[in-house]
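A.B. asks: when you get a sec, could you give me coordinates for this:
(one chain, ligands or ions: 1)
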Amino acid sequence: MSDYGLTKILIMTGRLLEGKKGIIFGALNEASIAWKVAERTVEEGAQIVLSNTPMALRMGDTARLAEKLNTIVIPADATDLDDLDRLMKSSMEHFGGKFDFMLHSIGMSPNVRKSRHYSDLDYNFLEKTLDISAVSFHKVIQTARKNDAINEWGSILALSYVAAQRTFYGYNDMADAKALLESIARSFGYIYGRERNVRINTISQSPTPTTAGQGVKGFDNLIDFSERMSPLGNATADDCANYCVMMFSDLTRKVTMQNLFHDGGFSSMGMSLRAIEQYSKSFEYDKEHPFD
Ligand SMILES: NC(=O)c1ccc[n+]([C@@H]2O[C@H](COP(=O)([O-])OP(=O)(O)OC[C@H]3O[C@@H](n4cnc5c(N)ncnc54)[C@H](O)[C@@H]3O)[C@@H](O)[C@H]2O)c1
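C.D. replies: Residues are numbered from 1 along each chain as shown. This is a model prediction of the structure:
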């Protein structure tokens with residue numbers, strides 16, 4: 001489609017994802033980033049299928065979201081290739097053909113959950129962390145490709161965190177998982193881009209108060225520190241949903257194999273006045289209580 005044709009459609013419909021279809025993984029409850037993305041994509045005219053693990057579907061509110069958005073939920077453990085194959089086939093059946101986008105919004109670390117220190121990891125847990133939080137992204141893309149499920153100029157996204165590049169106390173083995181996740185976006189982005197013009201990116205999101213986020217040690221301090229450090233403040237789940245809509249839209253067709261920071265500027269900061277002010281308060285406290 002020419003740029004002129006594209007602009008014309010956008011002006012006519014006013015909606016960025018009119019006619020597009022996609023799968024959204026990981027909407028557990030209203031706090032989930034995927035929940036907000038699901039709502040925004042539908043607002044922008046997309047048709048979606050929601051997916052989560054059978055256990056999450058029992059414990060969470062995904063069915064309520066599906067009802068609200070007038071769509072269906074297809075259970076799948078994203079580490080299980082048979083589940084994913086069924087999901088791709090059923091989604092194509094539901095949509096009446098191929099679809100255009102996928103959001104991988106999946107993360108879990110048994111080491112974080114069980115408070116295992118990074119210097120004393122349980123390696124069976126580590127395998128689970130990597131499989132659920134990173135390798136599942138490869139499995140999702142590989143299964144979609146084998147089913148030839150994604151239209152030309154489709155867009156695939158996963159959510160990452162800056163701990164993939166820099167060390168954050170308490171983020172534990174999730175940092176290693178995020179580094180692998182971002183690498184998969186580059187490696188598969190090359191293959192899928194060459195073959196079908198499908199783009200693959202990760203969005204590196206600010207700390208966000210969700211079920212997975214709050215599992216990270218010292219999360220409240222992390223979110224406060226990050227807010228003070230970021231010139232634009234932390235990006236919320238709603239902000240992230242807007243960014244995902246843009247990345248699924250035809251306006252970003254040539255963006256691929258990138259890790260896109262969506263963090264209010266945090267990743268480019270060294271130290272901010274608002275963070276220093278808070279830090280220096282502890283020095284005042286030290287001076288007042290030299291023996292505490
Ligand atoms: N919350 C944050 O601070 C933050 C910051 C940056 C990136 N992220 C990333 O955003 C993504 C979404 O997390 P969230 O913060 O919305 O939390 P969330 O807890 O709402 O979502 C995590 C989802 O992963 C799903 N999941 C777990 N194991 C799965 C499996 N085997 N197969 C399929 N789904 C599975 C859960 O059921 C849940 O829906 C994660 O990748 C997370 O690492 C979160």
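A.B. asks: pLDDT value on I223, please?
C.D. replies: Per-residue confidence (pLDDT) for I223: 95.
A.B. asks: and it, that one's in a strand?
C.D. replies: No. When DSSP: H, G, I helix; E, B strand; the rest coil is applied, I223 is found to be helix, with no strand at that position.
A.B. asks: quick one: end-to-end distance for stretch 70-84.
C.D. replies: Terminal residues of stretch 70-84 lie 22 Å apart, using Cα to Cα, to the nearest Å.
A.B. asks: ditto for stretch 20-31
C.D. replies: Comparing the first residue of stretch 20-31 with its last one, the separation is 25 Å (Cα to Cα).
A.B. asks: against R166, how distant is the residue of the stretch 151-292 of the chain found nearest the ligand?
C.D. replies: Of all residues in the stretch 151-292 of the chain, G213 sits closest to the ligand, with a separation of 2.7 Å (Cβ to the nearest ligand atom). Where you see a C-beta, it was placed from the backbone N, CA and C, and this is true even at glycine. For G213, the distance to R166 under the criterion Cβ to Cβ, to the nearest Å works out to 18 Å.
A.B. asks: over to P75?
C.D. replies: Shown here: P75 relative to R166, a distance of 36 Å by Cβ to Cβ.
A.B. asks: how about the residues of the stretch 151-292 of the chain by the ligand?
C.D. replies: Residues of the stretch 151-292 of the chain that fall close to the ligand, judged by Cβ under 6 Å from any ligand atom: 159-161, 205, 207-208, 210-213.
A.B. asks: which of those are buried? Put it as a ChimeraX command.
C.D. replies: Isolation of the buried members of these (16 or more other Cβ atoms under 10 Å) is achieved in ChimeraX through the command below:
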select :159,160,161,205,207,208,210,212,213
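A.B. asks: keep only those of the residues of the stretch 151-292 of the chain next to the ligand that are in strands.
C.D. replies: Assigned to strands by DSSP state E, the following of these qualify: 159-160, 205.
A.B. asks: for K89, what are its contacts?
C.D. replies: Listed by Cβ atoms under 8 Å, 6 or more residues apart in numbering, the contact partners of K89 are N147.
A.B. asks: does I23 touch A46 like I think?
C.D. replies: No. At 10.8 Å, I23 does not count as touching A46 under the criterion of Cβ atoms under 8 Å.
A.B. asks: what residues do the two have in common as contacts?
C.D. replies: F101.
A.B. asks: which outside residues touch stretch 215-226?
C.D. replies: When contacts are defined by Cβ under 8 Å, 6+ apart, stretch 215-226 is touched by residues 109, 112-113, 115, 168-172, 174, 206-207, 209, 213, 234, 263, 266, 275.
A.B. asks: let's see it at 10 Å
C.D. replies: Residues lying outside stretch 215-226 but in contact with it, judged by Cβ atoms under 10 Å, 6 or more residues apart in numbering, are 107-109, 112-113, 115, 117, 161-163, 168-172, 174, 206-210, 213-214, 233-235, 263-264, 266, 269, 272, 274-275, 278-279.
A.B. asks: what about it, distance to the chain center?
C.D. replies: For stretch 215-226, the distance between its averaged C-alpha position and the chain's averaged C-alpha position is 18 Å (Cα atoms, centre = their mean, to the nearest Å).
A.B. asks: before I go, just wanted to say thanks for your time.
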